[in-house]
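In: whatever this is, show me its structure:
(one chain, ligands or ions: 2)
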Amino acid sequence: MSTASPPAADAKATSSIYLPEPCIVRSVQKQTDHESLYELSLESGEELGHQPGQFVQVSIMGVGECPISICSSPTREGSFGLCVRRVGEVTNYIHQLVEGDVIGVRGPLGCGFPLDELHGKDMIVVAGGLGLAPARSLIQYIVDQRSRFGSFHLFYGAREPSELLFRHDLTRWRDNPDVDFHMTVDQADEQWRGKTGVVTTLFKGLPKLSPKNTAVVIIGPPVMFKFVVIEFLARGITQDSILCSLERRMKCGVGKCGHCQANNIYVCREGPVFRYGRLKAIREALA
Ligand SMILES: Cc1cc2nc3c(=O)[nH]c(=O)nc-3n(C[C@H](O)[C@H](O)[C@H](O)COP(=O)(O)OP(=O)(O)OC[C@H]3O[C@@H](n4cnc5c(N)ncnc54)[C@H](O)[C@@H]3O)c2cc1C
Ligand code: FES
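Out: Ligands and ions are numbered 1, 2, ... in the order given. Take a look at the predicted model:
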């Protein structure tokens, strides 16, 4: 089994994999004090042509580039989403963008989720913190292509209520009878009426799984990942049926510079989506 075939960047008819394409900012929605959601579309009018799980290199002239996961599904045509946390130079600049601004984007890059293999499976998606951004592209895909999947259990954990992302989506998923959605925060505030505790506390209500027909997607901080994996291995899910998305420092994003290399694996090209069995072998990636 392998993850989706590699980079659309090679397949795309751009003159160079290093050449950013102009992209128009269609809207900006503040999500939290640190994260904003950007809806973008290519100036050329073409679709980005991505798969859930892929990322782009956002290029800001005179500032630099940074990899950002595409947080919308290709089934939502006309634009694509990026949810950006402000941490440093490039992301600070991105946070100053307003509707109508033009930036550069290279991609889509990397391997996304192996959709053909996931079709027909019972799906469990577990997202923690900013991990909901890459997960959202797959979640939207499953919601839009619901008949192609079995049951769909979605779990989301944030540190505190003020850090919850995509609040409109959370309401929609909660109200969607075809999605078994649960969320929690590690620490409640006075207004919080939902569940409190780490994300693994939500698994108590899970029905007995059929390991042969279940795929689990886990995207979140390493500590969450570690405990969630234990839960699903204990429920009989195989290492190859557990998929995750790995963040490494990246520069070129296309397998040329070696910045993202871990144990001879170019995360930008072979990932960011990996099976747990493979990821376990990349010991330094989990350190
Ligand atoms: C495949 C992939 C997908 C990503 N998706 C998203 C996304 O959807 N949304 C989002 O907000 N961010 C995402 N990131 C992280 C994002 O790329 C970094 O936050 C960004 O490169 C920081 O750039 P900067 O110039 O703003 O900060 P810098 O000035 O370069 O760094 C600021 C601080 O962030 C740390 N840092 C930078 N990059 C990383 C990294 N990859 N991992 C851990 N620490 C880092 C630096 O050490 C420094 O402390 C993703 C990264 C990868 C590799
Ligand atoms: S980022 Fe350059 S090889 Fe992966």
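
In: who touches residue 189 in this structure?
Out: Under the criterion of C-beta atoms under 8 Å, 6 or more residues apart in numbering, the contact list for residue 189 reads 160-162. C-beta coordinates here come from the backbone N, C-alpha and C atoms, glycine included.

In: which stretches of the protein form helices?
Out: Taking DSSP state H as the test, the helices found in the chain are 8-11, 89-94, 115-118, 132-144, 167-175, 222-234, 267-270, 276-281, 283-286.

In: quick one: closest of those helices to ligand 2.
Out: With respect to ligand 2, and counting by C-beta to the nearest ligand atom, the nearest of those is helix 267-270 at 3.3 Å.

In: who are the packing partners of the closest one?
Out: Helices and strands touching helix 267-270, by 3 or more C-beta pairs under 8 Å, 6 or more residues apart in numbering; DSSP states H and E: there are none.

In: pretty sure residue 184 contacts residue 196?
Out: Yes. Residue 184 lies in contact with residue 196 (C-beta atoms under 8 Å); the separation is 6.3 Å.

In: more neighbours, the two?
Out: A count of neighbours by other C-beta atoms under 10 Å puts residue 184 above the other of residue 184 and residue 196, at 20 against 13.

In: count residues in the vicinity of the spatially closest residue to the more buried one that is not a sequence neighbour, would you?
Out: Nearest non-adjacent residue to residue 184, counting by C-beta to C-beta, 6 or more residues apart in numbering: residue 195, 4.2 Å away. The tally of other residues near residue 195 (other C-beta under 10 Å) stands at 14.

In: which ones are touching residue 195?
Out: Contacts of residue 195 by C-beta under 8 Å, 6+ apart are 182-185, 201-202.

In: what's near enough to touch residue 197?
Out: Shown in contact with residue 197 (C-beta under 8 Å, 6+ apart): 184, 186.

In: now residue 194
Out: Neighbouring residues of residue 194 by C-beta under 8 Å, 6+ apart: 161, 183-185, 188.

In: you'd agree residue 119 is up against residue 149?
Out: Yes. In this structure, residue 119 is within contact of residue 149 by C-beta under 8 Å, at 6.9 Å.

In: contacts only, for residue 42.
Out: Going by C-beta under 8 Å, 6+ apart, residue 42 touches 21-24, 48, 105.

In: what residues does the stretch 151-287 of the chain have near ligand 1?
Out: For the stretch 151-287 of the chain, the contact set with ligand 1 under C-beta under 6 Å from any ligand atom comprises 247-250, 272.

In: can you narrow those residues down to the ones near ligand 2?
Out: Restricting those to those near ligand 2 by C-beta under 6 Å from any ligand atom leaves residue 250.

In: now the two most distant members of the residues of the stretch 151-287 of the chain next to ligand 1.
Out: Spanning the widest gap among these are 249 and 272, at 12.1 Å by C-beta to C-beta.

In: more neighbours: which of the two?
Out: Between residue 249 and residue 272, residue 272 has the larger neighbour count (other C-beta under 10 Å), namely 26 against 9.

In: can you name the residues bridging to that one?
Out: Using DSSP bridges, the bridge partners assigned to residue 272 are residue 111.

In: tell me who's in contact with it.
Out: 53, 55, 69, 110-111, 134, 245-248.

In: so which of those residues is the most crowded?
Out: Neighbour count (other C-beta under 10 Å) singles out residue 110 as the most crowded of those, with 35 neighbours.
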